[in-house]
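Trainee: Give me the fold of what follows.
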Amino acid sequence: NGYGIFLNISGNLTIGENSKLNSDTYGYTGGVYEENGNGPGAGYGENNIGGGGAGYGGHGGGSVSGCAAGGVTYGNYYRPLDLGSGGGAGWIAGGKGGGLIKIYTGGQFNLEGNISVNGQDGFSDQAGGGGGSGGSIYIVTSSFAGSGYLVSNGGGGKGSTSGGAGGGGRIAVIYKEEVDWDYSHNLTIVGQSCIQSNSQNGTSYFLHYTLNISLNISQNPAPYNSTIVLSGRANMSEGTNVSSWPLTIKLNDVQYYLNTTENRLVPYNTGTLPTTNETGHYILNFTTPLESGDYNITLTTSYEGLHG
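Mentor: Coordinates of the predicted model:
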């Protein structure tokens, strides 16, 4: 059940104004002849009436008769990697869910075209199928710009005794630099049924995650071989998992690594980066330099830690 598109690009990525990237209807399949759909948020099938719409970011709508329930929500809003679920069947099949598009770029992502993971409409008859739910768009990039659209709509319910509409999917964009993009261009909307059912819009989430700390060590701050402790917390948006995030530490552009035996940062490659703990906090110990002078300590999170 279902397919995804995965792009891992070390440099910049541009999707042009007249270009489209879609995984529409590539999620879980809908039910056939009164069967439930497939997937964690599948809509319910029912005899002689329309099927229920599937859920994902928002719950699916029940059939117009109210006898076939819509599907539930699932997954998470800050790292959506699930496929959309299939709608339940009446006499006729329910729609497929939307697929997954995951994009990772080391440089700038410029979106002028459209990216979509829409659910499919239910198939039409007197007792039509419920709509599939929208799928997932997950983008991790250094910077994000453009005037294009991100779309994860649920499919519509069909039939004179209408199936329920599919719920919207999930969209998340994680970026390091400031963004130059119109936030109104991300859409996670429910599908339409002949009579509007009680399906829900999906979720959209944008996180600016850079964590930079600069500390100047002036002339003779402490005797050589003293210990400096740098501590803090990667305080990201509520619900984001910040445990075990890798941290890149540089002192005057020289990268430091963790000596696990001494629990101390050292200026040579030990193969181990320091990380945040299970609550997102960090405590970093390093030794003052031999020579006096002005030193700059820079701490950044590594956004590869979000890429998966």
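Trainee: Buried ones in the helix or strand containing Gln255, by neighbour count?
Mentor: Element membership of Gln255, judged by DSSP states H and E, is strand 254-259. When burial is assessed from 16 or more other Cβ atoms under 10 Å, strand 254-259 yields the following buried residues: 256-258. All C-beta atoms are positioned from the backbone trio N, CA, C, and that covers glycine.
Trainee: helices or strands up against the helix or strand following that strand?
Mentor: Following strand 254-259 in sequence order, the next helix or strand is strand 264-266 (DSSP H and E). Using 3 or more Cβ pairs under 8 Å, 6 or more residues apart in numbering; DSSP states H and E as the contact test, the elements touching strand 264-266 are strand 254-259, strand 281-287.
Trainee: Is it possible to get JSON lines of the ones you listed that adds mean pLDDT and distance to Gly16?
Mentor: Written out in JSON lines, the entries for these read as follows (pLDDT from 0 to 100; distance: least, Cβ to Cβ, whole Å):
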{"stretch": "strand 254-259", "mean pLDDT": "88", "distance to Gly16": "37"}
{"stretch": "strand 281-287", "mean pLDDT": "78", "distance to Gly16": "41"}
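Trainee: Nearest to Asn153, out of those strands?
Mentor: Go through these one by one with Cβ to Cβ and the one that ends up closest to Asn153 is strand 281-287, at 39.7 Å.
Trainee: helices or strands up against that closest one?
Mentor: For strand 281-287, the helices and strands in contact under the criterion 3+ Cβ pairs under 8 Å, 6+ apart are strand 227-233, strand 247-251, strand 264-266.
Trainee: Now mean pLDDT, mean neighbour count and distance to Gly148 too, for those strands, in a markdown table please.
Mentor: Compiled in a markdown table, the helices and strands packed on strand 281-287 are given as follows (pLDDT from 0 to 100; neighbours: other Cβ atoms under 10 Å; distance: least, Cβ to Cβ, whole Å):
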| stretch | mean pLDDT | mean neighbour count | distance to Gly148 |
| --- | --- | --- | --- |
| strand 227-233 | 70 | 13 | 35 |
| strand 247-251 | 80 | 18 | 31 |
| strand 264-266 | 87 | 16 | 42 |
